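S.K.: sequence below, structure please.
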Amino acid sequence: MKNTFKITTLVLFASALGLAAWYDRNPIIEIRETVRVVPPEKLEAHVSLTKWQIDKMLNEYEEEAHPSDMLKFKTLVKRDGREWRISSTHLVKDSDPCLTPQGRFFVVNPSSIDYTGDFKSCVEYADSYKKFHDYIVISAE
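M.R.: Numbering: from 1, shown residues only. Next up is the predicted model:
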């Protein structure tokens, strides 16, 4: 009886060791994937507008609007093959006033900086000389 008990104990112990060795040999592997969306640095899109659509957008400005007044037009951007297309239909529907940029700006022609000041005064300066020069207004920051 003692021998049977010893043999049973030895078999159970060996089975436990064998089971432990078999379990370690086939570990459970857990795979975790992380998907990260990285926006592109630069996204090129295009829009085709008719003269009627442009006129409709320009009519959003009041009669006495200052040349530096800005409006924000909302639209949809859709993928068109390899390119992105801006929906012109949604673009001309409505607009919201946009805040005038703050800070220091330059009025620049191809060869020099002609004027510096706030955004509104730079646009006024560029607008007053538009018949003589092709100016652009850029931020100094």
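S.K.: flag every buried residue along stretch 127-141.
M.R.: Buried residues in stretch 127-141, defined by neighbour count with 16 or more other CB atoms under 10 Å: Tyr135, Val137. All C-beta atoms are positioned from the backbone trio N, CA, C, and that covers glycine.
S.K.: please apply the same query to stretch 47-61.
M.R.: Within stretch 47-61, the residues that count as buried by 16+ other CB under 10 Å are Met57.
S.K.: how about stretch 104-117?
M.R.: Quick answer for stretch 104-117 (16+ other CB under 10 Å): Phe105, Phe106, Val107, Val108, Tyr115, Gly117.
S.K.: what residues does the first one make contact with?
M.R.: By CB atoms under 8 Å, 6 or more residues apart in numbering, Phe105 lies in contact with Thr116, Gly117, Asp118, Phe119, Cys122, Val137, Ile138, Ser139, Ala140.
S.K.: identify the farthest-apart pair in the buried residues of stretch 104-117.
M.R.: Greatest spacing in the buried residues of stretch 104-117, by CB to CB: Val108 and Gly117 (12.8 Å).
S.K.: now do the closest residue to Thr50 other than its chain neighbours against Lys130, distance only.
M.R.: When the adjacent residues along the chain are set aside, Thr50 lies closest to Ser88, with 7.8 Å between them (CB to CB, 6 or more residues apart in numbering). Here the criterion is CB to CB, to the nearest Å. By it, Ser88 lies 27 Å from Lys130.
S.K.: just Lys72 next, same as before
M.R.: For Lys72, the distance to Lys130 - CB to CB - is 24 Å.
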